[in-house]
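J.: how does the following fold in three dimensions:
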Amino acid sequence: MSRSPRARMSVLAVTTVFAAAALALPARADHRPSGDALPAVPPRAETPTLHDDDAGGNADADDPAIWRNAAAPDRSLVIATAKEGGLRAYDLDARPVQSIPAPPATGDGEAPGRFNNVDLVQRLRLSTGEADLAVTSDRGHDQLRFYRIDRDRAGGPLTDVTDPDAPTVFAKDQAEVDEQRTAYGLATWTDPSSGKGYALVSRRERTSIALLELLPAADGKVTYRKVRTLDLPDTFRLPDGTSWSPCAEPGELPQVEGMVVDPADGTLYAGQEDVGIWRMSADLTGTPKLIDKVREYGVPGTYDEQTEECTLGDDPGYGGTKLTADVEGLTLVTESDGDGYVLASSQGDNTFAAYDRERGDDNEYEGSFRVTPAGPTLDGSEECDGAAALHAPLGSKYPNGLLVVQDGHDAPGDADRPSTNFKFVDLGKVLDSLD
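T.: The predicted structure is shown next:
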C-alpha cells in the first residue's frame, strides 16, 4: 500500500522463536551508493493514469503480474489491480485491453470489492480442463477472485471463474469483513511434487499469512480451502535488551503485503512493511528468517491521534541500510543458470533493492537502482507499491524480459486527485545496472 500519514504501532507479544530469529540478523556494512549515485533505469512505456472519477470508480494502481503468451510472446499481457477500480489488462505497449470492475457491495453499509494484489497460476486443473488464471485478493470482501486467461477470447482475455460460494479468507462473519482486516497481499505457488496450486495471502493490519489450496469447482469455477496460517512477530527484542514495535495507530499490527515464491525450492519471501523481508517455506512450516531490515527498525515512536502521525525518537542504529519503509512489491528474476535476484521496492526512498536468490548464499545484497524519467512526458516511479518481473523473451519490444512497477505519483498528475499508473521497464537494462 502507499504510505499513509497514519503510522502503525503493534502492541502484542511474540513467540520466543521468532524474536530470536529477528535478533540473530547480523549488522551489514552499507555498500550501496547513496542518493542520485544509484543506477538510473528509465521506463519504455506507461499505462494511462488511474484516479477516482465517475467512469472508472475509485481506481488506484497497486500491483501487476506478467502473463507470457508462449505461442506469441509479443502478445503477452500485464494484468494489474486498480483497487475499487477493479482489474486491468494491458498489452506490451501499455495500452488497455480490458477493464473488469470490482464486485459491488453485497449489502447496505458494506464495502465494495477492492482488488489489492494479483498473481498468476499456470495450467491449473479445473473441472473443464487446464487453464492459466489471474488470482486477486479482494480486500473489500475478504475473498480471492479468479480470472481465466484466454488471450483471443471475444470481449477480452479475462473471464471471471470464481465459485460464487468461495469462503472468506480470514473473517468469521460479516462484522469482521466490515472491519476490513481482510485478505491483502498475495502470492501464488504450484507444488512441483503434487502439481497442486496454492495462494499465500496476508491479512491487513495483522501479521498473519494463510496458505490456501486452490480447488476446482463445478462448471470450470475455482474455490479454495485454508491449509494453515502463520503469524509473524509484531514485537522484537533489540540487542540492548529492550522490546520494540513499529509505531502505528493503536490496534494496528505490522502487516505484510509484498510476497513472492521462488518455484525452484518453494521459498516464500514476504515483506513486513515496517520491519523488513522474511524468508520461509511456502508451505508455512519451519521458522521464518529475517534476511534484511528497514532502516527504521528499532526506532522508537509515539503515535499522535490528532495528527495521525508518529513522532520518532533517536535512531539506536539497529536497522538495515538498503531498505526504507515501507518494504512493498517483491518479485523474482530467474536466470537460466539458476542465479537471479529477489527485487524489493524500498518505498520510502523510491529505490529498488536486489538480493541474490540463492538460499545457500544467504540472499546477499547485490545492489539497488531507481526507475527515473525517460523524458518530459514519461516519468519514473515514486512510492512504488507493486512490482513484477519476467526474465523471458517478450517479442521485439522486450527481448530480455520485462519489469513492471507501480508509480504512486504519476506526472503530470491532477492536483485535486491521486494519480497513479504502471511503468514498463526493459529488464535487460535493470540487470545491466546490477552487474
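
J.: how much space separates the one residue sitting closest to the centre of the chain from Thr229?
T.: For the chain, the residue whose C-alpha lies nearest the mean C-alpha position (CA atoms, centre = their mean) is Gly258; its distance is 3.0 Å. Computed with CB to CB, to the nearest Å, the distance linking Gly258 and Thr229 is 18 Å. In this view, the C-beta of every residue, glycine as well, is placed from N, C-alpha and C.

J.: same deal with Thr321?
T.: Counting by CB to CB - Thr321 and Thr229 are separated by 32 Å.

J.: over to Gly329?
T.: Plainly put, Gly329 is 23 Å away from Thr229 if you go by CB to CB.

J.: for the stretch 101-250 of the chain, what spans make up the helices?
T.: Secondary structure of the stretch 101-250 of the chain by DSSP state H, counting those that start in this stretch: the helices cover 174-178.

J.: below-threshold pLDDT in it: ranges please.
T.: Of all residues in the stretch 101-250 of the chain, none has pLDDT under 70.

J.: and the strands in it?
T.: Using DSSP state E, counting those that start in this stretch, the strands of the stretch 101-250 of the chain run over 115-126, 129-138, 143-149, 158-160, 183-190, 197-203, 208-216, 222-231, 236-237, 243-244.

J.: need the CA coordinates for the second one. PDB is fine.
T.: Right, the one you point to is strand 129-138. The C-alpha atoms that make up strand 129-138 are tabulated as PDB, following Å, rounded to 0.1, in the frame of the first residue of the first chain:
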ATOM      1  CA  GLY A 129      -9.500 -28.800 -18.300                       C
ATOM      2  CA  GLU A 130      -6.300 -26.900 -17.600                       C
ATOM      3  CA  ALA A 131      -6.200 -23.100 -17.600                       C
ATOM      4  CA  ASP A 132      -4.000 -20.100 -16.800                       C
ATOM      5  CA  LEU A 133      -5.500 -17.900 -14.100                       C
ATOM      6  CA  ALA A 134      -5.100 -14.500 -12.700                       C
ATOM      7  CA  VAL A 135      -5.700 -14.600  -8.900                       C
ATOM      8  CA  THR A 136      -6.600 -11.400  -7.000                       C
ATOM      9  CA  SER A 137      -7.100 -10.600  -3.300                       C
ATOM     10  CA  ASP A 138     -10.400  -8.900  -2.800                       C
END
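
J.: can you pull the buried residues of that strand?
T.: When burial is assessed from 16 or more other CB atoms under 10 Å, strand 129-138 yields the following buried residues: Ala131, Asp132, Leu133, Ala134, Val135, Thr136, Ser137, Asp138.

J.: show me what contacts the third one?
T.: When you say that, I think you mean Leu133. When contacts are counted by CB atoms under 8 Å, 6 or more residues apart in numbering, Leu133 touches Leu120, Val121, Leu124, Phe146, Tyr147, Arg148, Ile149, Val161, Val222.

J.: return the distance of it relative to Asp219.
T.: 15 Å.

J.: now do the fourth one
T.: In this structure, Ala134 and Asp219 are 19 Å apart, going by CB to CB.

J.: for Thr307, which three-state class applies?
T.: Remark: Thr307 carries the secondary structure label coil [criterion: DSSP: H, G, I helix; E, B strand; the rest coil].

J.: so who does the residue nearest to Ser396 when sequence neighbours are not counted touch?
T.: Take Ser396 and drop its neighbours on the chain: the residue closest to it by CB to CB, 6 or more residues apart in numbering is Asp74, 6.5 Å away. Applying CB under 8 Å, 6+ apart, one finds that Asp74 lies in contact with Leu92, Leu394, Gly395, Ser396, Lys397.

J.: ok, now which ones touch the third one?
T.: Meaning Gly395. Neighbouring residues of Gly395 by CB under 8 Å, 6+ apart: Ala72, Pro73, Asp74, Arg75, Ser76, Leu92.

J.: same thing but at 7 Å, please
T.: Applying CB atoms under 7 Å, 6 or more residues apart in numbering, one finds that Gly395 lies in contact with Pro73, Asp74, Leu92.

J.: these two touch, right, the last one and Pro399?
T.: No: applying CB atoms under 7 Å, one finds Leu92 not in contact with Pro399, separated by 11.5 Å.

J.: between the two, which one's more packed in?
T.: Leu92 (22 against 14; other CB atoms under 10 Å).

J.: and that one, what pLDDT?
T.: Looking at Leu92, its pLDDT reads 98.
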